[in-house]
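Asks: I'll drop the sequence and a predicted model, then ask my questions.
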2 protein chains.
Amino acid sequence: MAGSSGESVLSRVVRIIESFGSEAPALRVSEIARRADLHIATASRLVEELVGYGWLQRDDDRRVRIGVRMWELASRASPTLSLREAAMPFMEDLHAVVGHHVQLGVRESDEVLFVERLSAPGAVINLTRIAGRLSLHVSSSGIVLLAHAPSSVQEKVLAGPLRAYTAHTVVDPKQLRALLADVRKSGVAVCRGFVDPRATGVAVPLRGPDNTVVAALSTIVPNDDNARMHIPALQAAARGVSRAMGVQDLCGRTQYFSH
Amino acid sequence: MAGSSGESVLSRVVRIIESFGSEAPALRVSEIARRADLHIATASRLVEELVGYGWLQRDDDRRVRIGVRMWELASRASPTLSLREAAMPFMEDLHAVVGHHVQLGVRESDEVLFVERLSAPGAVINLTRIAGRLSLHVSSSGIVLLAHAPSSVQEKVLAGPLRAYTAHTVVDPKQLRALLADVRKSGVAVCRGFVDPRATGVAVPLRGPDNTVVAALSTIVPNDDNARMHIPALQAAARGVSRAMGVQDLCGRTQYFSH
């Protein structure tokens, strides 16, 4: 790692920012140095500069956090902001009707990234978080996004390894391939106990302006709920979001919604 | 601006990221160079590197945007995430009852930064956006946050300049000081036409674990609405959020809610 090139400074800054996570929102400089594989003096100097720009901030106890300014810069021009803003009113209505977790996920490489989540206190267990990720094959959202991903992505995921979160997670490539074909045909993924034995995920695709699948809209319900009952509300909400994003010819897509 | 020091590379990266905004979510490299005051070759090289880390991404038409990865890094460990997660269920209920914009703002220096907003289609005009800012003296949220800010912040704002958004914005320091005292006493700010002549903002303070005011919870209603009618629901929601964040002794604060 050279000390003076622009590349290496930026790569060190990226490693510093990446050392924070939902499980580690506040870190001491020594921890940052260890996680980012940097000399403590280098980490200390860069952290100090990032604090100066508001990209990091210090707690009262001198631990360091992601700064509000960094969140603001990333959020005000976020590529998912228009999707999120279009989706939110429909997600709220859905949440009010369904009464369980409602979430919006996009595909990032071979994972689903959850960009929004509405939860009620006391709802069933849900391992996802806003800005959290799961492998594509695990959750109903991931299955929907994988079913509509380019074949190169599908083949990479099918080639494994496929981690089993529970005894119900589909980790056999042949079964997973059949599941993806079924999800493309039926327009919905119903995944009982894939992520946690107590919960069922129900997800539908959400189409963007060029009619490609840009996101998955999902709800997580307890297993004793009649999960399929929520499919029409999910599909109606997904169509509403697509319309709000300017999709015109959704009528031609009713084949995806025929159960 | 030296070409090889770590400081200057980071400052250039910060200027590149700051050149994006809600009014400019996608920029050509030449525009980035101009906005960030960089030579186009420097901007081009740094943009390329940022694209490599996923902090920026390219559109189909070669324009550049903030990358989903940067949003993810800033959001998963965001200092406002726990506030937002505690507030969201209460904001949803409030939104369902009030039927107008409901928003959550925090003070960043002499501005209010809106970290969450729920809106219904067809609601009254609202100039704020998620990750958008307004001067503290302009909106009901800002007035609440200013009323509870350190006196150094209050004096700085009162020293002006105070921009008038409408004929109703309070720009006279003496009147503003009296308004702040009233807001501290009554526990609510009702600002009719301060930001836009058609809308009234109603905001209440939201207290964190150490009982200091950490945010403002507000609703924006049309002027022909009975704005004060929404105060009890707002105050109840703010107390709910505080409890969800672990505030124990809210009973001692009822003096703030006595109308």
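Replies: Good, I have the coordinates.

Asks: Show me the domain layout of chain A.
Replies: Taking automatic domain parsing as the reference, chain A has its domains at A:9-74, A:81-244.

Asks: out of those domains, nearest to residue B:159?
Replies: Closest to residue B:159 of the domains of chain A is domain A:9-74 (CB to CB; 22.9 Å). C-beta here means a position set from N, CA and C on the backbone, and glycine is covered the same way.

Asks: quick one: the closest one to chain centroid distance?
Replies: 23 Å (CA atoms, centre = their mean, to the nearest Å).

Asks: that older thread, for my notes, please list the domains of chain A in TSV and give mean pLDDT and distance to chain B for each entry.
Replies: As requested, the domains of chain A are arranged in TSV below (pLDDT from 0 to 100; distance: least, CB to the nearest CB, whole Å):
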stretch	mean pLDDT	distance to chain B
domain A:9-74	93	4
domain A:81-244	90	4
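
Asks: just so I know, which of those lies nearest residue B:131?
Replies: Between the domains of chain A, domain A:9-74 lies closest to residue B:131; by CB to CB that is 5.0 Å.

Asks: so how far is the first residue of the closest one from its last?
Replies: Domain A:9-74 has its terminal residues 20 Å apart, counting by CA to CA, to the nearest Å.

Asks: hang on, the earlier thing: would you reformat the domains of chain A as JSON lines and include distance to residue B:222?
Replies: Putting the domains of chain A into JSON lines (distance: least, CB to CB, whole Å) gives the following:
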{"stretch": "domain A:9-74", "distance to residue B:222": "29"}
{"stretch": "domain A:81-244", "distance to residue B:222": "18"}
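
Asks: For the stretch 1-150 of chain A, which segments count as strands?
Replies: Ranges of strands in the stretch 1-150 of chain A, per DSSP state E, counting those that start in this stretch, are A:26-27, A:56-58, A:64-66, A:101-108, A:111-118, A:133-135.

Asks: Within its sheet, name the partner strands of the shortest one and how each one runs.
Replies: Sheet partners assigned to strand A:26-27 using DSSP bridges are listed as strand A:64-66 (antiparallel).

Asks: returning to what we had before: would you convert the strands of the stretch 1-150 of chain A into TSV that also reports mean neighbour count?
Replies: Converted to TSV, the strands of the stretch 1-150 of chain A look like this (neighbours: other CB atoms under 10 Å in any protein chain shown):
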stretch	mean neighbour count
strand A:26-27	20
strand A:56-58	19
strand A:64-66	23
strand A:101-108	24
strand A:111-118	23
strand A:133-135	18
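
Asks: how about those strands, which one is nearest residue A:148?
Replies: strand A:101-108 (8.5 Å).

Asks: just to revisit the earlier point, got CSV for the strands of the stretch 1-150 of chain A, with distance to residue B:143 too?
Replies: Putting the strands of the stretch 1-150 of chain A into CSV (distance: least, CB to CB, whole Å) gives the following:
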stretch, distance to residue B:143
strand A:26-27, 31
strand A:56-58, 25
strand A:64-66, 28
strand A:101-108, 33
strand A:111-118, 29
strand A:133-135, 39
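
Asks: which helix in chain A runs the most residues?
Replies: Selection of the longest helix in chain A by residue count, based on DSSP state H, yields helix A:81-98.

Asks: So for stretch A:199-214, what gets flagged as buried?
Replies: By 16 or more other CB atoms under 10 Å in any protein chain shown, the buried positions in stretch A:199-214 come out as A:199, A:200, A:201, A:202, A:203, A:204, A:205, A:206, A:207, A:208, A:213, A:214.

Asks: do the same with stretch A:232-248
Replies: A:233, A:234, A:235, A:237, A:238, A:239, A:240, A:241, A:242, A:244, A:245, A:247.

Asks: What of stretch A:225-232?
Replies: Buried residues in stretch A:225-232 (16+ other CB under 10 Å): A:225, A:227, A:230, A:231.

Asks: Next step: the residues you listed restricted to helices.
Replies: Counting by DSSP H, the buried residues of stretch A:225-232 contribute residue A:231 to helices.

Asks: Would you pull up how far stretch A:164-183 lies from the middle of the chain?
Replies: Computed by CA atoms, centre = their mean, the separation of stretch A:164-183 from the middle of its chain amounts to 19 Å.

Asks: residue contacts, residue A:29?
Replies: Applying CB atoms under 8 Å, 6 or more residues apart in numbering or on different chains, we find residue A:29 in contact with A:40, A:43, A:44, A:47, A:64.

Asks: Let's see that with 10 Å instead.
Replies: Residues counted as contacts of residue A:29 (CB atoms under 10 Å, 6 or more residues apart in numbering or on different chains) are A:16, A:38, A:40-41, A:43-48, A:58, A:62-64.

Asks: Many thanks, I have nothing further to ask.
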